[in-house]
Structures are given as structure tokens and as C-alpha cells.
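Participant: Requesting a structural model of the entry that follows:
(3 chains, ligands or ions: 4)
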Amino acid sequence: MLASKSWRAGHTNAHWPLDSQTRIFALQLLNIGEITPVTRIKNLLGTLFGAVFAIASGDAAAYVFNMPKGVTDISRQVYGLHMMIFWISVVACIAVFAVMIYSIFMHRKDKGAVASTFHESTTVEVIWTTLPMLVLIAVAVPATATLLALEDTRNADLNIQVTGFQWKWRYTYLDEGIEFFSTLDAEHNKIRQVRSGLDPASVEHYLMEVDNPIVVPINQKIRFLITSNDVIHNWWVPALGWKQDAVPGFINDGWTELSEPGTYRGKCAELCGKDHGFMPIVLIAKTEADYATWVDEQKASAAAEANSADRVWDMADLMSKGEQVYNTSCAGCHQVSGAGLPGVFPAIAGSAFAMGDPSAHIDVVFNGATGTAMQAFGAQLSDVDLAAVITYERNAFGNDAGDMVQPATIKALR
Amino acid sequence: MSTATAAHDDHHDHGAPAGLMRWVYTTNHKDIGTLYLWFSFVMFMIGGSFAMVIRAELFMPGMQVVDPQFFNSMTTMHGLLMVFGAIMPAMVGLANWQIPLMIGAPDMALPRMNNWSFWILPFAGTMLLSTMFMEGGGPAFGWTFYAPLSTTFAPDSTDFFIFAIHMLGFSSIMGSINVIATVLNMRAPGMTLMKMPLFVWTWLITAFLLIAVMPVLAGAVTMMLTDRNFGTSFFSAAGGGDPVMFQHVFWFFGHPEVYIMILPAFGVVSQIIPTFARKPLFGYASMVYATASIAFLSFIVWAHHMFTVGMPVAGELYFMYATVMIAVPTAVKVFNWAATMWRGSMTFEPPMLWALAFVFLFTLGGFTGLMMGVAPSDMQYHDTYFIVAHFHYVLVTGALFGIIAAVYYWLPKWTGYYPDDRLSKLHFWWSAISVNVLFFPQHFLGLAGMPRRIPDYSLQFADWNMVSSIGGFAFGLGQVFFFFIIVKTIRGGEKATDECWEDAQGLEWTIASPAPYHTFVTPPEIK
Amino acid sequence: MSASNEGYYLPEPSHWPIVGSIGIFLMLGGFANFLHGGSWIIMATGFAVVVYMLFGWFGMVINESQNGKYNAQVDMSFRWGMSWFIFSEVMFFAAFFGTLFYARIFSIPWLGGASNNVMTPELLWQGFEAVWPTNGPGNVGGDYEVMGAWGLPAINTLLLLSSGVTVTIAHWGLKEGNRTKLILGLWATVALGAAFLACQVLEYGEAYNHMNLTIESGMYGTTFFMLTGFHGLHVTLGATMLLVITLRAMKGHFTHENHFAFEAVAWYWHFVDVVWLGLFIFVYWLV
Ligand code: HEA
Ligand code: HEA
Ligand code: CUA
Ligand SMILES: [Cu+2]
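Facilitator: Ligands and ions are numbered 1, 2, ... in the order given. Below is the predicted model of the structure:
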């Protein structure tokens, strides 16, 4: 039985309308635990009432029912607009519903109401056509201003290219020369496998954690140049107040300027294939000084990585490194078992191709297969990673090519 | 429905032929209407079961039921089946049954083609569903099938999907041609355009929309076909095309499509409310003009589905202004319905209950639409459950409730019996409550940041998803119940009068209940 | 609006629609299957069934028409039907013209850095020059030559325009009750249509064999072949229908007041003609 505490630990937002009853109820539905039908119904009612109370208490509303205000100027403007049309809608709704409800209660036949026969009035019709029009114009003015500000990406201090891949993000710091991939955290990835039996509440920020977060400095106007390598993705961090599609072959842009250090989480928001639900974004804002340190660290580790390509690797090292790379970069399609998905992603396990000519194998991994989901990993992985993963594919899942690919071989291709 | 041979004006025609072939070969608008309605119900059940799979997977965080690729396929097929299989054919079925009866025509203008429009559907449906059993699975790119996920990155079965869409489009175009020819050419003498019942008006305009946009959809899938198989570059930047162009073509179809699904429901509600308020429809003429304006505007707002694709800001501004304008003619409709009820003498039989729920809940969905029309806010709403909530309010409590209201309204005319009053009311209250449990929390989920089309989610979304799933199962069960009510009504019950509802106005209430197999062979005279 | 519904012809139950549905199902399903390595036989069977259905269905309609079953109101239904069908065809072509304009006005300039896409060529397509015609920044399909307007295409324009005239002459003949004029006019139209198609075959051959201009030549090749190709299909269909009514005219089917089939085909032919003008201007001439 899951303890309610552990569920809480995973929450991104501190405020909660519902208590652990909901979760217990879930387990009951799945017939875990011995609970009578009466208790089940009581718990269900508890859940629903909990919701009603939470709605009634205005405090919770700001967090769990509503859009976050966000942390930038733009996001606050967007929030303001959202609340403005929301309240306009509420007022208009109340007006229309009041008329209808009044008629429903007062003008009913069983109360002896006799129908009148009027069925036209140009005056009222003109009024109720003009009125909404004026309201809409009143909305359009601030909306236009916000939109213009939101799309104004000029005069950026820092340019970061964001490229969507099935199913990860690549961040390229155009001014700093740093580049890395950002993928769903490995632990989360295990939990989210179908019927993994692992508890999503055992980690924090379930499905909202990555291996390499994007790091930005505060107090600088950052321009994101967003594109994609394959299908359309969408880069969305709610706290910034906008989202932007990543379209292959085109560069879209968006901007932000943060004033507080912090960690902001988001997700891919455009259906991009099988693992669309599993390509989160973690954005960390640091002070200028901390950011500079981070940049130096990144540069140093990139250099170290490059050096390791020069030594000769043995089979065991290649295989263990390869497994790790395979599970992060390849298993999304070819599956951890190497079985692939028939008709969509070919199997690696037992594949004559993967055990055949090494140079053809290297070629497809390095250059990808144009016009398919198989990407050119030459541009994504280091020499060591490539050598390792190819060696792994040739010798894992019962494959028995028996040979090795050395990082130096890959390096020679570049 | 064994009563059809009771036709009284039987001087030169026969009643219904017997056997299965009656249904396959039929050229009778009532038979064809019945076929459409049953087909749509079957599709609704299948599409609904797919929704149940979605809701079961989303019941709790973690992946319990299906694999992500299959989940996407469920979402996609659910959307496609509901839109093209359930809602649209149901509307055409209502048109087939009612338009000739409401304008005093002996049948649809082109009866053989009418049969063809229907009989393409089961084949198209079969082709669409068969993709689920092919290698690589069925379509898994959303009902909007954006390129290049649906072109370069989709399984082979996609080509079958493409041809299924072609067939569905062909059927819709022929069906619409028939509606237009019938309305323009077959009205009884004296039935001027501005005397036509509103349901007929809304369908005339819907048919026009269909003929204008279904070919564009056919164009879109044809481009997909050639991009996939013949090396064209429509949706590929390397060749000078643009993936976003697909979205423009799709939404040029897709936005009018959503009004195609709602306008006939507007028509239904405009028939029902006056009947049960015992008062003529308020502002008939402005209702007609409002419908026409909505149809016109629907052609020039499509890119409000694309505020985040990176259009130049001028385009975003234009589409924002145009979109919110649609609220004006829609407002006219809502106000007119309210004014029709005002100082009426209302009763609340099942059709009226559904029509009222329609007005309340559609308006709610309309307002969230308005919110999304405001481009900067849509940057946050886009592709979240807020959108899912919006369109289920306008589609389920809008279009679907309209259809259910229509079925309750005309069922006595079709079968000769009233639906059981107690059961129908139970069906209504059960559905009206559970549908809100199902879709209202999705607003919160969306605003709090839950994207749509995902099989698993972070823990802060757990509560509302569970509530929504419970509502979903309940609502689904309610619709199985609907099936039993219909079957029960067909088999018997309280006999319906010819008028069916007290003081109901319109030609359909002047003929016998159940409606004879042939009606208005001699045209009625309209004053 | 009609004065009366009395005697509106309501057809008996018919098996042709279901035959047509099965035919389409086999034809399209067979095609998809063929695209993925299946045999062409299902597709061909489906096509044959559709043709069989068309013969049967239209044969029946012609019969009913000849037997005087259709009154003026039925005729009107057919007219509405045909007009809206042509409108649907217009919208189908509009979709493809739309893509042509979109590419020329928006996507290609954007790829070259126009409007809010300044960074697009800089980061993705360095050195791409956005001028129409183009096979895109990826030089898709390799270098190619552009199809000029003033060779075969200009001849084709003349052919189609004159065919519009000849079909009108035939119509005059019909109205005047001049059978020779009618039949000659129709034959001339059919011949011009066939000549058009022959020229188009030559043109495609030229493009594929000598100019390396193929459907895979980026957006230019795509729009060129898709637009002219679909138009060519419609000419084929139109010419076939013309042939049918020519034969019918020779059998004496059309009378002065009852000749809807003739008019339907003539409308269709004019529609094909107008589409061609659009093609000539935007696909060939103003490149
Ligand atoms: C029946 C179907 C239907 C209907 C009627 C509507 C109606 C409207 N829709 Fe909706 N919509 C869909 C079906 C429908 N929609 C679907 C299926 C999608 C998602 C597709 C997908 O991506 O899968 C969608 C998505 C969608 C989006 C895209 C969101 C996104 O993806 O980011 C937008 C954005 O503008 C939008 C707007 C509107 C508007 C402004 C209306 C208006 O017509 C609403 C007008 C009505 C009212 C406003 C209420 C009544 C008015 C009054 C009572 C008067 C008072 C008025 C004022 C004070 C102004 N819709
Ligand atoms: C057109 C009409 C229409 C209708 C009527 C519905 C009806 C329902 N819809 Fe759907 N929906 C769409 C149109 C529609 N939808 C569209 C266009 C999309 C977008 C797709 C996309 O993103 O591409 C969508 C997407 C969509 C999603 C989002 C999926 C995602 O983003 O991943 C969800 C999730 O909750 C959902 C749920 C439901 C539910 C629970 C119902 C219920 O109302 C269904 C009730 C009916 C039944 C359940 C059938 C009858 C019952 C049985 C057969 C017995 C079995 C019953 C039980 C086990 C209880 N729909
Ligand atoms: Cu990437 Cu969704
Ligand atoms: Cu829309």
C-alpha cells in the first residue's frame, strides 16, 4: 500500500485540493486491499466533496485549478488576460443563465404560465449584437499589446538553439559553443515502462526530470531559436508564459528574461510520436556568476570526453558503456530488449543487418536513414558512445557478431 | 419497424420491401435515415470504448493498461470515429429523415445517390478500423494527422487511412449535394425559403460548408499520399515546402468542420425549444442570418488552431480578431433561445431537457473557445487538456446532446411510440451529471499544465484525472442505457399521436405516427 | 421553386450503389495494398467494378430519361446536383493552387530568411536563395530545367480554348435542331481534348527524359506535376464523358428541350478549361 506521504513528495506544486483518499480509492478499484463497497462509496464522496471545498477556498484556486502566474513579465500579462476574459465569460454566463433559469422556474406550464406570442424585437436584437462586439474590442486592445510584446525577440543577450528530436531536446548555446542533449531521467524512464510495477511516487517530479537541464542566467534577455530534427515538437515551460512549436526546417523564436534563480519545468506539447509524453524540459535559472561557472564546467567536460576517444577500449568496457547509451538513446524505438516494434521500428535483436558488415552498421547509425525516424547519431553522440553502442548492438540481446568497433574508427569518419 | 406498409397514400407505390436487401438497395429517405443513425450509433459505441481505454490508462499515474503507441492510436481513432463516424453520419441521418418531412417533399432529390452516400460509409469505416490490425498499428498521429508525423514517420497502414478519408469525404459530398438539391428544389408549394423550419436552414448551410471543405480535406490527404509514396515535397522544407502548410490546409477544412458538427444541432434546438415553450422562435430571421454569418466566418479563422506554429505576428493578430468575432452571431443564437423561453409556457419532456442542457453547456464550451481565441492566452492553453475540455463541451454536450435531443423529439414520429418517460429522464439526469464530472475537471488539468495526447502524467494531475475517469465510465454506461431505451421504444410503448407533442408546429406533425413509408407524394399546401 | 411535386420520379430500390461501394473499396484498398508490395489485381478488379457500375447506373438513367420518366423538376435536381459537384471540384483544385501560392508567397521566402524567419537560413539553410521556381534548399531531385510557357503549353492553351468554342457550337446546333452541327461540334471537341492529352504526354516525356524535371524536383516539380497531373486526369474524364454524349447524340438521344446530360458535360468541360487558364498563368507563365 502506498503511503500518502510518498505521493505528496512527488508533487511539483505544494497546494493540494485532495487528500490521500483518492489514491486509496484507486487501489480499491484495482482491488488491492480489503475494503467494503460502502467504504468505497464513502471515499468517492470524500473525493468529490474535497474538490468542492477546494474550489470554494480561494487560496488553492491559484495553484491547482488555474493557470500559474509564472515568473516573467510576459507570463504575468498572459495570466492577467486569461483572468480578464475568464471573468467576462463568467459575467456573460451568469446573465444568460439567469434569464433562462428564471424562465424555467417562473414561466412553466404547471405553474399556469400562458405563453405570450412575441417573437421579434429589432431593438433588443441590435443591442445584444452590439454589446458583445464592444466587449470584444475591449479585450482585443490589451491582447494585441501582450502579443506584440511576446513576439518581440529583438536585442537578445544570449541565443540558445533548441532542437527537438524524437524524444529529447538538444540545446546549443550559440554564443558559448556548448551543446548537449536533454532526456528523461533514467529512473523515471524505468518507472514509466508499461506495468513496470514501480511507484511513480517514489521519485520527485515524476516525468518532469531530465539528465541535463538547460541552464540560463538571470537578468538577461534570452532568445530561444526553436527547431526540430524530425517531426513537430513544442517547447513549453508554463512559467515563462508561452509555448512555441519546433518545426523541422524552420527556426521559430521566443524569448524570456528571468529575475529569480530557480528551476522551472515543462513538457513537449505537440504530439510527436510514441514517447511524446516523455520528453520533459527542465530549465534552471542561475545568477550570472553561477552561470559562468557552469559554462566553464561544461567546456571542461566536453574536452575530457573528446580525449577518451584516443585510447583503445576493451569489450567489457564497450559493452557496459554501450548498454547505457543504448538504453538512453536507442531503446525508445528499438526497445530495451532490442525487439523493436514491427512495422515501425526494426528489431536489432537477431537482425542480420546488425550482425553483418560493421561499416554498413556504422553508416546507418552515424548517418541515419534519411526520411525515417532513424536519426543521424553521428551528430549527437561522441565517438566513444557511438563505438560502444554499435558494439553493444552487435553483441547484446543474443546477437553474436563477436567483433568490436573502436572509438578511433568513428573518429576517422568525422 | 414493421408498420411502414400502413402507408395510406399508396396509390402507385408499394410499401417497404422485405428482408436484408431492403436495406441494401433502398432508395427511401426514411430507410436511409435509419441506416445512417444506426451506423452512427455503432461508431459511437466503438469510438466510446476507445475513449474508455484512454480514461482507464489515465485513471492513475504510471502506465498500467496499454503501451504508448497504442494509446496514441486510441486517441487518434477515438477522435476520427467520433467526428467522421458518429457525429457527422448522425446529422446526415437526421437530415434524411426530417428534411423531406419538414418541407413536404416525397423523398430526397436524388434517392439512388442517397443510398450510395450511405453505403460507402461502412466500407470506409471498415478500412479505417482495419488499420488497427496491420503491422505497425493504426494511425497514431492524432485526428489532425499533422505532417511529417503522418507522412515520413508513420507506418504503412497510413495509406489505408488516407483512402478511408477519401471515401468518407466522397460520401459527405454526395450527401450534401442531395441535401442542397432537396431543399432548393423539392419544397412544397408555398414553402418559401424564409418559411423553412430552422433545422432545414441550418442543414442547407451545413451542406454548403461540407461541399466547400471536404474536397480540401481530400486534397490534404492526397498530398500526404504523394509525399509518402511519390516523392513530392509539399510538407518538407528541404524541397521548399512546409510542414505547417499541412496545418493550413487541414484547418481550412477542420475549422468549418466543427461548425458542420454544431449547426444542425443548433437547428434541432431551434425546433425543440419553441415546441416546449409553446411560443414561436424568437427572431427567426436573425437566426437565419446568424447561421449564415457563422458559416461565413468559419472560413476565415482557421489558423486560431495554429497560434504557436510561428506565424508572423500580423497573421496571429488577424486570426485572433476574426476568431473572437464568431462570438457575436453565436451570441445572437443563445440570446434568441433564451428569449424564446421568456414568458413561454414551458414543459420539460425529455427532448426539452436535452435541449436545455445543450444551451447551458454549449455556452460554457463556447466561452472557453472565446478564451482560446485570444492569442496570447492560447500560448498557454494550446495543446493542453483545457482544449480537450473546450471541444468536448461543444461536441459532446453540444453536438451529441443535440443529436440525442433530436432522437427523443422525433422518435415517436419514427416508431409510433413515446420513449418511456421515466427511463428517459433517468438517462438525462445520469448523463447530464456524469458528463460534467467527466469534462469539467479537465479545465483545471489543462490550466495547471497537463498536455493532451499523453498516456502518463505527473503526480499533481492525479486527482482530477481520476475524477474525470470516473465520470467517463459513468457517462459511457449511460449511453449503453440509451441503446436499451431506443430498442424498447421501437418494440412498443405508449402510442404516439400524430401531433406527438402538444401544439407542435410543422409539417412533420401532420402525418401519421409512425410516418408512413411514403409521405407527401401529393405535396401539401402551405399557407 | 417548382409549382408541384406531382409525379416526381422516385426510383425503385437499386443494386448499383452497393456495387459502386464495393468497387471503390476494392480499388482504393487494392491501391494502398499495391503501394506496399501487394499485387495490382485487387486494384484493377475494383476499377473494373467501378466502370461496370458506371455503365450500369448511367445506362439505367439514360433509359429512364428516354422513357420520359423525368419531369422538369427532376431535371432541376440533376442541374443542382451537377453544379454543386463542379463546385466541389473547384474546391479540390483550390487546395492545390493554395499550396502553390503558399509556397511561393510564404514558405520559400521564409526559408530564405523573410519575415520572422531571419534565423532560418542562417542556422539551417546557409546560402539558400529564395527565388521561384525552386527545388528547395535541399536541392531535392537535383538540377532541373524549368518548363517554358510558350512551347507545348501555349499550344495546349489554344487547343483547350478552341474546344470550348466547338462545344458551344455543338450546343447551338442542338438548340437549333441542327444535328450535323451538333455531332461535328462534339467530335471536334473530343478530338481537341485528345490532342491536348497527347501534347501533355509529350511534355511529360520531355520533362522526365531531357530536363530532369520530375515530381521529385522539390516544390516546383511537386506543384507542377500535381496540378497539371490532376488537370490532365480531369481532361481525360471530361473527354470520356464527351465521347459518351457524342455517341448518344448520334443515336438521337437529345432533344431541343431535353438534353441535360449534354449540358452537364459541357459545364464540366468549361470548368476544366478555366482551370487550365489558371494553370497556364500561374504554373507556366508567371514563374
Ligand atoms: C462543435 C464544435 C466546436 C465549436 C462550436 C467551437 C466553437 C469555438 N471554438 Fe473551438 N474547437 C473545437 C470544436 C468547436 N469549437 C475542436 C474540436 C477543437 C480542437 C481541435 C483539435 O486540436 O483537436 C477546437 C479548438 C479551438 C481552438 C484552438 C485551440 C488550440 O488548439 O490552441 C480555438 C482557438 O481560438 C477555438 C475557438 C473557438 C471559438 C472562438 C468558438 C466560438 O464559435 C464559440 C462562440 C460561443 C460563445 C462565445 C458562447 C455564446 C455567447 C454568448 C452567450 C454571448 C456573450 C458573448 C460575449 C460577451 C463575447 N476552438
Ligand atoms: C466528436 C465527438 C466526440 C465525442 C462524442 C467524444 C466523447 C468522449 N471523449 Fe473524446 N475526443 C474527440 C471527440 C469526441 N469525444 C476528439 C476530436 C478528440 C481529439 C483526438 C485527438 O487528440 O486527436 C478527443 C479526445 C479525447 C480525449 C483526450 C485524449 C488525449 O488527448 O490523449 C479524452 C480523454 O479523456 C476523451 C474522452 C472522451 C470520453 C470519455 C467521451 C465519452 O463521451 C464517450 C462516451 C461513450 C461511450 C463510452 C460508448 C458507449 C459505451 C460502451 C461501448 C460500453 C463500455 C462502457 C464502459 C466500460 C463504461 N476524448
Ligand atoms: Cu516532442 Cu511531443
Ligand atoms: Cu476552430
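Participant: Please make it C-alpha for all contacts and neighbour counts, starting now.
Facilitator: Noted.
Participant: Which positions in the stretch 201-350 of chain B make contact with chain C?
Facilitator: By C-alpha under 8 Å from any C-alpha of the partner chain, the part of the stretch 201-350 of chain B that sits against chain C consists of B:211-216, B:218-220, B:229-234, B:237-242, B:245, B:249, B:311-312.
Participant: and residue A:222, how far is that from chain B?
Facilitator: For residue A:222, the distance to chain B equals 17 Å [C-alpha to the nearest C-alpha, to the nearest Å].
Participant: Grab the nearest non-local neighbour of that residue.
Facilitator: Spatial nearest neighbour of residue A:222, excluding adjacent residues (C-alpha to C-alpha, 6 or more residues apart in numbering or on different chains): residue A:158 at 4.8 Å.
Participant: Contact partners for that neighbour?
Facilitator: Taking C-alpha atoms under 8 Å, 6 or more residues apart in numbering or on different chains, we find residue A:158 in contact with A:174-175, A:220-223.
Participant: what sits against the closest residue to chain C within chain A?
Facilitator: Using C-alpha to the nearest C-alpha, the single residue of chain A nearest to chain C is residue A:251, 4.8 Å away. When contacts are counted by C-alpha under 8 Å, 6+ apart, residue A:251 touches A:225-227, C:117, C:119-120, C:123.
Participant: Let's have those residues in CSV, adding neighbour count and distance to ligand 2.
Facilitator: Shown next, in CSV, are the contacts of residue A:251 (neighbours: other C-alpha atoms under 10 Å in any protein chain shown; distance: C-alpha to the nearest ligand atom, whole Å):
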residue, neighbour count, distance to ligand 2
A:225, 25, 27
A:226, 27, 23
A:227, 30, 23
C:117, 21, 29
C:119, 21, 31
C:120, 22, 29
C:123, 15, 32
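Participant: And the average pLDDT for stretch A:93-112 is what?
Facilitator: In this model, stretch A:93-112 carries a mean pLDDT of 92.
Participant: now stretch B:475-485
Facilitator: 96.
Participant: That stretch close to ligand 2?
Facilitator: Yes - counting by C-alpha under 6 Å from any ligand atom, ligand 2 has neighbours in stretch B:475-485: B:475-477, B:479-480.
Participant: who's in contact with that stretch?
Facilitator: B:48, B:52, B:419-420, B:423-424, B:427, B:430-431, B:434-435, B:438.
Participant: Now name the helix or strand holding the residue in the stretch 1-150 of chain A that ligand 1 sits nearest to.
Facilitator: In the stretch 1-150 of chain A, the residue found nearest to ligand 1 is residue A:132; the distance is 4.5 Å by C-alpha to the nearest ligand atom. Element membership of residue A:132 [criterion: DSSP states H and E] is helix A:122-150.
Participant: hmm, back to that, which of the residues of stretch B:475-485 next to ligand 2 tops the neighbour count?
Facilitator: residue B:475 (23 neighbours; other C-alpha atoms under 10 Å in any protein chain shown).
Participant: Up against ligand 2, what does chain B have?
Facilitator: B:44-46, B:48-49, B:51-52, B:54-55, B:75-76, B:79, B:82-83, B:87, B:142-144, B:388, B:392, B:395-396, B:400, B:452-454, B:472-477, B:479-480.
Participant: Quick one: buried ones out of those residues?
Facilitator: B:44-46, B:48-49, B:51-52, B:54-55, B:75-76, B:79, B:82-83, B:87, B:142-143, B:388, B:392, B:395-396, B:400, B:452-454, B:472-476, B:479 (16 or more other C-alpha atoms under 10 Å in any protein chain shown).
Participant: related to what we said a few turns ago, among the residues of stretch B:475-485 next to ligand 2, which lie within helices?
Facilitator: B:475-477, B:479-480 (DSSP state H).
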